[in-house]
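K.L.:
got a predicted structure here, sequence first:
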Amino acid sequence: MLKQYKEAIEKSNIVSKTDVFGIITFVNDEFCKISGYSKEELIGKNHNIVRHPDVPASTYVELWKTIRSKQTYKTTAKNRAKNGSTFYVNTSITPILDEFENIVEFIAIRYDVTNEVLYKHQLQKKEKELEELNASLEKRVQEKTSELKELNETLEKRVAKEIAKNQQKQKVMFWQSRLASLGEMLANIAHQWRQPLTELNLTLFTLKKAALRGDVEEINKLYDESKNNIKNMSNIIEDFTNFFKPGKEKRYFKVADSINEALQILEKLIKEEMIIIKTEFEDLAVLGITNELSQVIVNLIKNSRDAFVHNSILIREITISVKKFNTNLAIIEVQDNAGGIKGKEIYKIFEPYFTTKHTSQGTGLGLFMSKMICENGLGGTIDVKSKKGTTIFSITIPIEEQNA
Ligand SMILES: Nc1ncnc2c1ncn2[C@@H]1O[C@H](COP(=O)(O)OP(=O)(O)OP(=O)(O)O)[C@@H](O)[C@H]1O
Ligand SMILES: [Mg+2]
């Protein structure tokens, strides 16, 4: 029975025995296999023959202390085989006592855990590597974060700088456009003044003649005409000043009134040039500045007049209509039979400084100004169509709900 136990243990374990001094007295085949020594090489040798130099001396002190005090010592031992390779064994060393409780010998029973230990070591190594990787990763993340932060800050600074630059640019552009409109305004005033100035000059000349004649009635008539002329000229300045004044107030006004105002300004010109004006007005009100729309109508009629003269048209007709369209739009159409506009020119007529007239007659700003007024001042559009010697300008202005 005991023998069977012994066999069972010896077959499944690595077994050795030593005397009380640690001299090997027995080893089984498994011990020989793992250590690489033969039985002959082992028996009679100190058990420290398989001792691994890595294991500190204190471990053996502890071992001897334990087994001498008649207790079992358990450990996972690191040992060295004959060929210098390392093996690990889970070991328990038990002292064997005689009937007087004296230690007779030590028996060590072990099993091989080399693979487990190696795996464990590998695992630990990998864990350490992972930890290191993690740490370096964290460091890199930190580095990148601070780099990004720096980048962000410089970017913010650059953006702020660019914004400041842009604001400066916009200011300059604003003043440039103000200057340009100022120039346009002056050019327009000059243009609009040419006619009344000539008229004034003429009237003054006639007035002088009447004065010399002593024709009081004629003098009074010419005096009134002159005053009217001067009033017109001052109105023109007023209109333009209004037009360029920022924050001017918009009001609801009747489209027909505004057009009649224009016709009145041009009354003399229309009569002299023998132009027939036909009107067809619906009673519509829009939001804006009445002077501005008058200005547009004046520009359109003057262009027609120029075309009548240039194309030597004898029967001169201008039809002006105001109609409601789609319940929410007012459409003003100004149509003439002054010869029409050439196809390749029609696309350019609203551009500033585009003119087909001699420099002394036209600056090319009339329609540009008119477009600005229609779009910016009245929130509408201006369009042109021309065929078979006729030209139609149509102005579309939204009719808003009138609360006033
Ligand atoms: N009713 C029209 N019939 C024929 N051509 C026209 C008519 N209206 C405008 N045009 C053409 O469009 C051009 C531009 O007109 P716009 O009023 O802008 O400038 P302008 O009359 O030449 O000069 P400005 O009005 O500044 O004195 C004119 O030169 C002319 O060739
Ligand atoms: Mg013009």
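P.N.:
Structure received. Residues are numbered from 1 along each chain as shown. Ligands and ions are numbered 1, 2, ... in the order given.

K.L.:
determine the longest strand present in this protein.
P.N.:
In the chain, assigned by DSSP state E, the strand with the most residues is strand 86-97.

K.L.:
what strands flank that one, and is each parallel or antiparallel?
P.N.:
Counting by DSSP bridges, the strands paired with strand 86-97 are strand 73-80 (antiparallel), strand 103-112 (antiparallel).

K.L.:
who wins for proximity to residue 297 among the ones you listed?
P.N.:
Closest approach to residue 297 among the strands paired with strand 86-97 is made by strand 73-80 (109.3 Å; C-beta to C-beta). C-betas here are computed from N, CA, C, even on glycine.

K.L.:
related to what we said a few turns ago, roughly how far out does the longest strand of the chain sit from the chain middle?
P.N.:
From the chain centre to the centre of strand 86-97 is a distance of 75 Å (C-alpha atoms, centre = their mean, to the nearest Å).

K.L.:
hmm, who's touching it?
P.N.:
With contacts defined as C-beta atoms under 8 Å, 6 or more residues apart in numbering, strand 86-97 is touched by 14, 34-35, 52, 63, 67-68, 70-81, 103-114, 116-118.

K.L.:
what does the pLDDT read for the closest residue to residue 275 other than its chain neighbours?
P.N.:
Take residue 275 and drop its neighbours on the chain: the residue closest to it by C-beta to C-beta, 6 or more residues apart in numbering is residue 316, 4.5 Å away. Listed pLDDT for residue 316 reads 97.

K.L.:
do the same with residue 67
P.N.:
On pLDDT, residue 67 comes in at 93.

K.L.:
can you pull out the helices in the stretch 301-404 of the chain?
P.N.:
Ranges of helices in the stretch 301-404 of the chain, per DSSP state H, counting those that start in this stretch, are 343-346, 366-372.

K.L.:
which bits of the protein sit near ligand 2?
P.N.:
With C-beta under 5 Å from the ion as the criterion, the chain comes near ligand 2 at residues 303, 366.

K.L.:
point me to the residue of the chain nearest ligand 1.
P.N.:
residue 366 (2.4 Å; C-beta to the nearest ligand atom).

K.L.:
bridging residues for residue 80?
P.N.:
Beta-bridge pairing of residue 80, defined through DSSP bridges, involves residue 86.

K.L.:
list the contacts for the residue nearest the centre of the chain?
P.N.:
Centroid-nearest residue in the chain: residue 159, 12.3 Å away (criterion: C-alpha atoms, centre = their mean). Residue 159 makes no contacts at all, as judged by C-beta under 8 Å, 6+ apart.

K.L.:
would you confirm that residue 287 contacts residue 249?
P.N.:
No - if you go by C-beta atoms under 8 Å, residue 287 and residue 249 don't touch, sitting 10.6 Å apart.

K.L.:
tell me which of these two has more neighbours.
P.N.:
More crowded of residue 287 and residue 249, by other C-beta atoms under 10 Å: residue 287, with 18 against 7.

K.L.:
what about that one, which SS state?
P.N.:
Here residue 287 is strand, with the state taken from DSSP: H, G, I helix; E, B strand; the rest coil.

K.L.:
circling back to that earlier point, could I have the buried ones of the contacts of strand 86-97 as ChimeraX selection syntax?
P.N.:
The command below creates a ChimeraX selection of those among these that count as buried (16 or more other C-beta atoms under 10 Å):
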select :14,34,35,63,67,73,75,77,78,79,80,105,106,107,108,109,110,112,113,117
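
K.L.:
identify the residue spatially nearest to the residue in the chain that ligand 2 sits nearest to, adjacent ones excluded.
P.N.:
Among the residues of the chain, residue 366 lies closest to ligand 2, at 2.7 Å counting by C-beta to the ion. Distance criterion C-beta to C-beta, 6+ apart; nearest residue to residue 366, sequence neighbours excluded, is residue 299 at 4.2 Å.

K.L.:
surely residue 278 and residue 334 touch.
P.N.:
No - using C-beta under 8 Å, residue 278 makes no contact with residue 334, being 10.9 Å away.

K.L.:
shared neighbours, the two?
P.N.:
Common neighbours of residue 278 and residue 334, using C-beta under 8 Å, 6+ apart, are 318, 319, 320.

K.L.:
let's see which of these end up in strands.
P.N.:
318, 319, 320.

K.L.:
what about the last one, how many neighbours?
P.N.:
Think residue 320. Number of residues near residue 320 (other C-beta under 10 Å) recorded here: 23.

K.L.:
which residues touch it?
P.N.:
259, 277, 278, 279, 280, 281, 297, 332, 333, 334, 335.

K.L.:
let's go with 7 Å and repeat that
P.N.:
259, 277, 279, 334 (C-beta atoms under 7 Å, 6 or more residues apart in numbering).

K.L.:
neighbour-wise, which of those residues leads?
P.N.:
For these, neighbours tallied by other C-beta under 10 Å; top is residue 259, 25 neighbours.

K.L.:
burial count for residue 229?
P.N.:
Residue neighbour count, defined by other C-beta under 10 Å, stands at 21 for residue 229.

K.L.:
do residue 87 as well
P.N.:
By the measure other C-beta under 10 Å, the count of residues near residue 87 is 22.

K.L.:
where's it relative to residue 117, distance?
P.N.:
9 Å (C-beta to C-beta, to the nearest Å).

K.L.:
now do residue 9
P.N.:
Taking C-beta to C-beta as the measure, residue 9 falls 22 Å from residue 117.

K.L.:
one more: residue 286?
P.N.:
As defined by C-beta to C-beta, residue 286 lies at a distance of 97 Å from residue 117.

K.L.:
which parts of this protein are strands?
P.N.:
Assigned by DSSP E, the chain shows strands spanning 14-19, 24-27, 73-80, 86-97, 103-112, 251-254, 275-281, 285-288, 316-325, 329-336, 381-387, 390-398.

K.L.:
rebuild the ones you listed as TSV, extending it with distance to residue 204.
P.N.:
Shown next, in TSV, are the strands of the chain (distance: least, C-beta to C-beta, whole Å):
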stretch	distance to residue 204
strand 14-19	139
strand 24-27	146
strand 73-80	128
strand 86-97	128
strand 103-112	133
strand 251-254	35
strand 275-281	26
strand 285-288	36
strand 316-325	29
strand 329-336	32
strand 381-387	37
strand 390-398	35
